[in-house]
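Enquirer: model this:
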Amino acid sequence: MKKLLFGFSLFSLLSLNACKTSEENTPSPNMLKAESILDFDCIRTSADVSRRIADVKKEIYGEWQLKGMITMMPSFEVPDLKIVISQKSDGKQLAQVYENGKLTKAMTYDLVEDEYNKIYYVGIKSDKDKFDDGSYNFITGNIRICPGELMIDNGIALDAPGYLFRKIK
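Expert: Just a heads-up that it's a prediction; the model follows:
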């Protein structure tokens, strides 16, 4: 009898996990299947590569699709979110946020350069901590950029999120 109960419990547990896994692999409406940092070869291997503002400006302008997030809890899907980054005539950068294809937020910022242990890195310094609608401004922090890949690090070392983007235009 104990073997039968154990077998039934094990079967039930595996069945529930199988259902959960298939649900996790099917993105819900307005959500996209997430990629992990392991899918971003260049970003993953460029932590100790010095970057200067001039180098970043060669890559950053264009349209970027959110593809993954680095968070304390693994995420199997991400919102349909794009950012379009351009340079304004006054030299500031403009980031426009599109959610589900609609422009929802905009923010100007400056690129800043700093150095740690003889490695130069570039960060995004925003004009505001929050967007005009009061929501969290995730377009701030250190960045890693490679051809076609962008990571915005809000403070991963301190358990804040990191955002992984792929260039689409």
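Enquirer: which residues in this protein form helices?
Expert: 2-24, 41-45, 53-60 (DSSP state H).
Enquirer: lowest-confidence stretch among the ones you listed?
Expert: Comparing mean pLDDT across those, the weakest is helix 2-24, with a mean of 41.
Enquirer: parallel or antiparallel, which strands does the lengthiest strand in the chain pair with?
Expert: Taking DSSP state E as the assignment, the strand of the chain that covers the most residues is strand 102-116. Using DSSP bridges, strand 102-116 pairs in its sheet with strand 93-99 (antiparallel), strand 119-126 (antiparallel).
Enquirer: which one of these lies closest to residue 108?
Expert: Counting by CB to CB, residue 108 lies closest to strand 93-99 out of those; the figure is 5.5 Å. Bear in mind the C-beta positions are built from the backbone N, C-alpha and C, glycine included.
Enquirer: contacts for that closest one?
Expert: Here strand 93-99 makes contact (CB atoms under 8 Å, 6 or more residues apart in numbering) with 60, 79-88, 103-111, 124, 131, 139.
Enquirer: in the chain, what spans have low per-residue confidence?
Expert: 1-29 (pLDDT under 70).
Enquirer: returning to what we had before: convert the longest strand of the chain to CSV, retaining C-alpha atoms only.
Expert: Backbone C-alpha positions of strand 102-116 (Å, rounded to 0.1, in the frame of the first residue of the first chain) are rendered in CSV as follows:
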residue,chain,number,x,y,z
LYS,A,102,2.3,52.0,-28.9
LEU,A,103,4.5,54.9,-27.7
THR,A,104,4.0,55.1,-23.9
LYS,A,105,7.1,56.8,-22.5
ALA,A,106,10.0,59.0,-23.5
MET,A,107,13.1,60.1,-21.6
THR,A,108,16.2,62.1,-22.4
TYR,A,109,19.6,61.0,-20.9
ASP,A,110,23.3,61.4,-21.2
LEU,A,111,25.9,58.8,-21.6
VAL,A,112,28.6,58.9,-18.9
GLU,A,113,32.0,57.2,-18.8
ASP,A,114,33.8,56.0,-15.7
GLU,A,115,36.7,53.7,-14.9
TYR,A,116,37.2,50.9,-12.4
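Enquirer: roughly how far does residue 63 sit from residue 42?
Expert: Noted for residue 63: a distance of 18 Å to residue 42, by CB to CB, to the nearest Å.
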